[in-house]
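Colleague: give me a model of this one.
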Amino acid sequence: MKKVKKGDGHLLKKYQFWHIFTHSLFHIVIKNNENTKTMYAIKSSYFADEPKVDLYREGKHEAFSKLPAAFPIENGVLEISSGGYGINRIHYATEKDESFSVYPDRRSIRGLRMWVHKQFPLFSRVIGGLAAIVLLVSLALSIPQLIETISDVPWVTENVGTFTSPITLSIPVNALIFGAGALAGFERALMLRSHWLIDMETSGWEGE
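Modeller: Below you'll find the model as predicted:
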(Lines give C-alpha, C1' and ligand atoms only; values in the text may rest on other atoms or scores of the structure.)
Protein backbone atom coordinates (compact mmCIF):
# COMPACT_ATOMS: atom_id res chain seq x y z
CA MET A 1 0.00 0.00 0.00
CA LYS A 2 3.00 2.31 0.44
CA LYS A 3 3.35 2.36 -3.34
CA VAL A 4 -0.13 3.83 -3.83
CA LYS A 5 -0.15 7.49 -4.91
CA LYS A 6 -3.13 9.83 -4.95
CA GLY A 7 -4.73 10.45 -8.34
CA ASP A 8 -5.19 13.84 -9.99
CA GLY A 9 -8.94 13.49 -10.56
CA HIS A 10 -8.89 13.47 -14.36
CA LEU A 11 -11.80 11.74 -16.07
CA LEU A 12 -11.54 8.28 -17.58
CA LYS A 13 -11.74 8.43 -21.37
CA LYS A 14 -14.05 6.10 -23.23
CA TYR A 15 -12.28 2.99 -24.47
CA GLN A 16 -11.89 3.03 -28.26
CA PHE A 17 -10.99 0.16 -30.55
CA TRP A 18 -7.45 1.48 -31.17
CA HIS A 19 -6.76 1.32 -27.45
CA ILE A 20 -6.33 -2.46 -27.74
CA PHE A 21 -2.75 -1.62 -28.77
CA THR A 22 -2.02 0.72 -25.84
CA HIS A 23 -3.78 -0.39 -22.65
CA SER A 24 -6.23 -2.74 -20.99
CA LEU A 25 -9.31 -1.62 -19.08
CA PHE A 26 -11.38 -3.53 -16.53
CA HIS A 27 -14.53 -2.49 -14.73
CA ILE A 28 -15.55 -3.49 -11.22
CA VAL A 29 -18.89 -3.02 -9.53
CA ILE A 30 -18.73 -3.36 -5.75
CA LYS A 31 -22.00 -3.76 -3.88
CA ASN A 32 -22.35 -3.70 -0.08
CA ASN A 33 -25.08 -4.90 2.29
CA GLU A 34 -27.13 -1.75 1.71
CA ASN A 35 -27.15 -2.61 -2.01
CA THR A 36 -25.10 0.50 -2.71
CA LYS A 37 -22.99 0.14 -5.84
CA THR A 38 -19.62 1.76 -6.46
CA MET A 39 -18.11 1.73 -9.94
CA TYR A 40 -14.36 1.28 -10.27
CA ALA A 41 -12.14 0.96 -13.33
CA ILE A 42 -8.62 -0.41 -13.62
CA LYS A 43 -6.39 0.80 -16.44
CA SER A 44 -3.00 -0.68 -17.27
CA SER A 45 -0.73 0.56 -20.07
CA TYR A 46 1.18 -1.97 -22.17
CA PHE A 47 4.39 -0.06 -22.84
CA ALA A 48 5.15 1.64 -19.53
CA ASP A 49 8.74 1.68 -18.22
CA GLU A 50 7.46 -0.02 -15.07
CA PRO A 51 4.24 -2.07 -14.81
CA LYS A 52 1.68 0.12 -13.09
CA VAL A 53 -2.06 0.48 -12.81
CA ASP A 54 -4.46 3.41 -12.50
CA LEU A 55 -7.61 3.22 -10.40
CA TYR A 56 -10.74 5.22 -11.25
CA ARG A 57 -13.72 5.67 -8.94
CA GLU A 58 -16.98 6.68 -10.59
CA GLY A 59 -15.00 7.75 -13.66
CA LYS A 60 -12.45 9.92 -11.81
CA HIS A 61 -8.77 9.17 -11.32
CA GLU A 62 -8.54 8.02 -7.71
CA ALA A 63 -5.02 6.58 -7.37
CA PHE A 64 -2.17 4.81 -9.14
CA SER A 65 0.49 2.32 -8.12
CA LYS A 66 3.25 0.09 -9.41
CA LEU A 67 2.32 -3.56 -9.81
CA PRO A 68 1.61 -5.59 -7.81
CA ALA A 69 -0.79 -3.09 -6.27
CA ALA A 70 -3.07 -2.96 -3.22
CA PHE A 71 -5.62 -0.13 -3.17
CA PRO A 72 -7.52 0.59 0.07
CA ILE A 73 -11.18 1.10 -0.86
CA GLU A 74 -14.54 0.81 0.91
CA ASN A 75 -14.30 -1.82 3.64
CA GLY A 76 -11.46 -3.69 2.00
CA VAL A 77 -8.44 -3.81 -0.25
CA LEU A 78 -8.35 -4.19 -4.02
CA GLU A 79 -5.35 -6.37 -4.90
CA ILE A 80 -3.99 -6.45 -8.45
CA SER A 81 -1.07 -8.39 -9.90
CA SER A 82 0.29 -9.10 -13.37
CA GLY A 83 1.97 -11.88 -15.30
CA GLY A 84 3.46 -12.51 -18.71
CA TYR A 85 0.27 -11.40 -20.48
CA GLY A 86 -0.62 -8.35 -18.39
CA ILE A 87 -2.99 -8.18 -15.42
CA ASN A 88 -3.83 -11.71 -14.30
CA ARG A 89 -5.38 -11.31 -10.86
CA ILE A 90 -7.87 -8.90 -9.32
CA HIS A 91 -9.04 -9.70 -5.81
CA TYR A 92 -11.24 -7.67 -3.49
CA ALA A 93 -10.25 -8.65 0.06
CA THR A 94 -12.85 -7.78 2.70
CA GLU A 95 -14.13 -9.14 6.00
CA LYS A 96 -17.68 -7.94 5.41
CA ASP A 97 -20.47 -9.51 3.38
CA GLU A 98 -19.85 -7.73 0.11
CA SER A 99 -19.69 -8.91 -3.47
CA PHE A 100 -18.14 -7.66 -6.66
CA SER A 101 -17.81 -8.57 -10.31
CA VAL A 102 -14.93 -7.71 -12.60
CA TYR A 103 -15.11 -7.68 -16.37
CA PRO A 104 -13.05 -6.28 -19.26
CA ASP A 105 -14.35 -3.33 -21.22
CA ARG A 106 -16.65 -4.67 -23.92
CA ARG A 107 -14.74 -2.78 -26.64
CA SER A 108 -11.41 -4.37 -25.71
CA ILE A 109 -10.04 -7.58 -27.21
CA ARG A 110 -10.67 -9.33 -23.89
CA GLY A 111 -14.21 -8.00 -23.97
CA LEU A 112 -14.68 -9.42 -27.47
CA ARG A 113 -13.40 -12.82 -26.33
CA MET A 114 -15.83 -12.81 -23.40
CA TRP A 115 -18.68 -11.92 -25.78
CA VAL A 116 -17.82 -14.92 -27.95
CA HIS A 117 -17.79 -17.09 -24.83
CA LYS A 118 -21.26 -15.94 -23.80
CA GLN A 119 -22.82 -16.06 -27.25
CA PHE A 120 -21.19 -19.29 -28.45
CA PRO A 121 -20.27 -21.28 -25.31
CA LEU A 122 -19.62 -24.59 -27.10
CA PHE A 123 -17.35 -22.98 -29.67
CA SER A 124 -15.59 -21.11 -26.88
CA ARG A 125 -14.96 -24.32 -24.93
CA VAL A 126 -13.53 -25.97 -28.04
CA ILE A 127 -11.12 -23.06 -28.50
CA GLY A 128 -10.13 -23.21 -24.84
CA GLY A 129 -9.56 -26.96 -25.01
CA LEU A 130 -7.39 -26.65 -28.11
CA ALA A 131 -5.38 -23.86 -26.47
CA ALA A 132 -4.71 -26.05 -23.42
CA ILE A 133 -3.62 -28.97 -25.63
CA VAL A 134 -1.29 -26.71 -27.62
CA LEU A 135 0.27 -25.45 -24.39
CA LEU A 136 0.87 -28.99 -23.13
CA VAL A 137 2.33 -30.20 -26.45
CA SER A 138 4.53 -27.10 -26.71
CA LEU A 139 5.87 -27.71 -23.23
CA ALA A 140 6.47 -31.42 -23.84
CA LEU A 141 8.45 -30.71 -27.01
CA SER A 142 10.42 -27.76 -25.68
CA ILE A 143 11.57 -28.86 -22.21
CA PRO A 144 13.78 -31.82 -23.29
CA GLN A 145 15.55 -29.64 -25.85
CA LEU A 146 16.02 -26.89 -23.29
CA ILE A 147 17.51 -29.33 -20.77
CA GLU A 148 19.95 -30.58 -23.44
CA THR A 149 21.02 -27.02 -24.21
CA ILE A 150 21.60 -26.28 -20.52
CA SER A 151 23.57 -29.51 -20.09
CA ASP A 152 26.00 -28.32 -22.77
CA VAL A 153 27.16 -25.49 -20.51
CA PRO A 154 30.68 -26.47 -19.36
CA TRP A 155 30.00 -26.06 -15.62
CA VAL A 156 26.82 -28.14 -15.86
CA THR A 157 28.59 -30.80 -17.92
CA GLU A 158 31.40 -31.08 -15.38
CA ASN A 159 29.25 -31.09 -12.25
CA VAL A 160 25.96 -32.63 -13.35
CA GLY A 161 26.55 -34.41 -16.62
CA THR A 162 25.07 -34.26 -20.08
CA PHE A 163 21.58 -34.96 -21.35
CA THR A 164 20.59 -35.94 -24.86
CA SER A 165 17.09 -34.96 -25.80
CA PRO A 166 15.00 -37.68 -27.42
CA ILE A 167 13.43 -34.89 -29.46
CA THR A 168 15.48 -32.75 -31.85
CA LEU A 169 13.64 -30.28 -34.02
CA SER A 170 14.84 -27.68 -36.50
CA ILE A 171 14.95 -23.98 -35.65
CA PRO A 172 11.93 -23.13 -37.88
CA VAL A 173 9.86 -25.89 -36.27
CA ASN A 174 10.84 -24.76 -32.76
CA ALA A 175 9.94 -21.19 -33.70
CA LEU A 176 6.55 -22.42 -34.93
CA ILE A 177 5.99 -24.32 -31.67
CA PHE A 178 6.96 -21.26 -29.64
CA GLY A 179 4.58 -19.07 -31.64
CA ALA A 180 1.72 -21.54 -31.26
CA GLY A 181 2.32 -21.78 -27.51
CA ALA A 182 2.44 -18.01 -27.15
CA LEU A 183 -0.81 -17.67 -29.11
CA ALA A 184 -2.48 -20.35 -26.96
CA GLY A 185 -1.29 -18.63 -23.79
CA PHE A 186 -2.61 -15.33 -25.07
CA GLU A 187 -6.01 -16.92 -25.74
CA ARG A 188 -6.18 -18.27 -22.18
CA ALA A 189 -5.18 -14.87 -20.83
CA LEU A 190 -7.99 -13.25 -22.82
CA MET A 191 -10.42 -15.51 -20.96
CA LEU A 192 -8.98 -14.33 -17.64
CA ARG A 193 -7.31 -17.70 -17.13
CA SER A 194 -3.86 -17.73 -15.61
CA HIS A 195 -1.84 -20.92 -15.19
CA TRP A 196 1.76 -22.01 -14.71
CA LEU A 197 1.71 -23.20 -18.31
CA ILE A 198 1.11 -19.60 -19.35
CA ASP A 199 3.18 -17.51 -16.95
CA MET A 200 5.25 -20.27 -15.32
CA GLU A 201 3.82 -19.20 -12.01
CA THR A 202 0.79 -20.15 -9.94
CA SER A 203 -1.72 -17.34 -10.02
CA GLY A 204 -5.33 -16.79 -11.00
CA TRP A 205 -8.43 -14.70 -11.03
CA GLU A 206 -10.41 -14.55 -7.85
CA GLY A 207 -13.91 -13.19 -7.54
CA GLU A 208 -14.57 -13.41 -3.84
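Colleague: let me see the contact set for the closest residue to Ala93 other than its chain neighbours.
Modeller: Of all residues not flanking Ala93 in the chain, Val77 sits nearest, at 4.8 Å (C-beta to C-beta, 6 or more residues apart in numbering). To be clear about C-beta, it is placed using only N, CA and C from the backbone, and glycine gets the same treatment. The contact partners of Val77, taken as C-beta atoms under 8 Å, 6 or more residues apart in numbering, are 1, 70-71, 92-94.
Colleague: report the buried members of those.
Modeller: Listed as buried from those are 70-71, 92, 94; burial here means 16 or more other C-beta atoms under 10 Å.
Colleague: tell me which of the residues you listed is nearest to Lys5?
Modeller: For the buried ones among the contacts of Val77, the minimum distance to Lys5 (C-beta to C-beta) is 10.6 Å, reached by Phe71.
Colleague: next, that closest one: phi, psi?
Modeller: phi -100, psi 120 (degrees, to the nearest 10).
Colleague: show me what contacts it?
Modeller: 1, 4, 55, 62-63, 65, 77-78, 80.
Colleague: so which one among those has the lowest pLDDT?
Modeller: Note: of the contacts of Phe71, the lowest pLDDT belongs to Met1, at 72.
Colleague: next, the buried residues of the helix or strand where Arg125 lies.
Modeller: Per DSSP states H and E, Arg125 falls inside helix 121-151. Going by neighbour count (16+ other C-beta under 10 Å), the buried part of helix 121-151 is 124, 127-128, 131-132, 134-135, 138, 141-142, 145, 148.
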